[in-house]
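A.B. asks: Quick one, fold the following:
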Amino acid sequence: MIHSDLIRGHLESVILKLILEQDRYGYEIANCIKERTDDRFSIKEATLYSIVNRLEKRSLIESYIGEKTHGKKRRYYKITTLGRAYFETKKEEWQELREILDTLLEETS
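C.D. replies: Modelled structure (predicted):
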């Protein structure tokens, strides 16, 4: 199980990536994270909605009420043009960070 501190700074990017793939609702986002990490990481509901609210306030995503499913309407999130650009920037930052960490943590002879 991965320590949440290691991924916390990247949760915005993870959530944006999932919403970039397709419009999603909160539980679906949490479930995707859990499934894609083979249950090695799960996001707490409070954390998820805190991040989603922050992304929406910054106009990186928008929400809308979807069709009624199982007697209940769900709030879906979709990425904005600004959100796409922000995600690409964060993805480039991640790739650079990964290269730096690989360099620093590799075995030296």
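
A.B. asks: the bottom helix or strand of this protein by mean pLDDT?
C.D. replies: Using mean pLDDT, DSSP states H and E, helix 4-8 stands out as the lowest-scoring helix or strand of the chain, at a mean of 74.

A.B. asks: what are the ranges of the strands in this structure?
C.D. replies: For the chain, the strands defined by DSSP state E occupy 24-25, 61-69, 72-79.

A.B. asks: can you pull the buried residues of the helix ranked longest in the chain?
C.D. replies: Ranked by number of residues, the top helix in the chain under DSSP state H is helix 81-105. Neighbour-count burial for helix 81-105, counted by 16 or more other C-beta atoms under 10 Å, picks out 83, 86-87, 90. In this view, the C-beta of every residue, glycine as well, is placed from N, C-alpha and C.

A.B. asks: What is the nearest of the residues you listed to L18?
C.D. replies: F87 (10.5 Å; C-beta to C-beta).

A.B. asks: was I right about that closest one contacting S13?
C.D. replies: Yes - counting by C-beta atoms under 8 Å, S13 is a contact partner of F87 at 6.5 Å.

A.B. asks: ok, now how distant is C32 from E107?
C.D. replies: Note on C32: its distance to E107, by C-beta to C-beta, to the nearest Å, is 34 Å.

A.B. asks: Among the two, which residue is more densely surrounded?
C.D. replies: C32 (19 against 4; other C-beta atoms under 10 Å).
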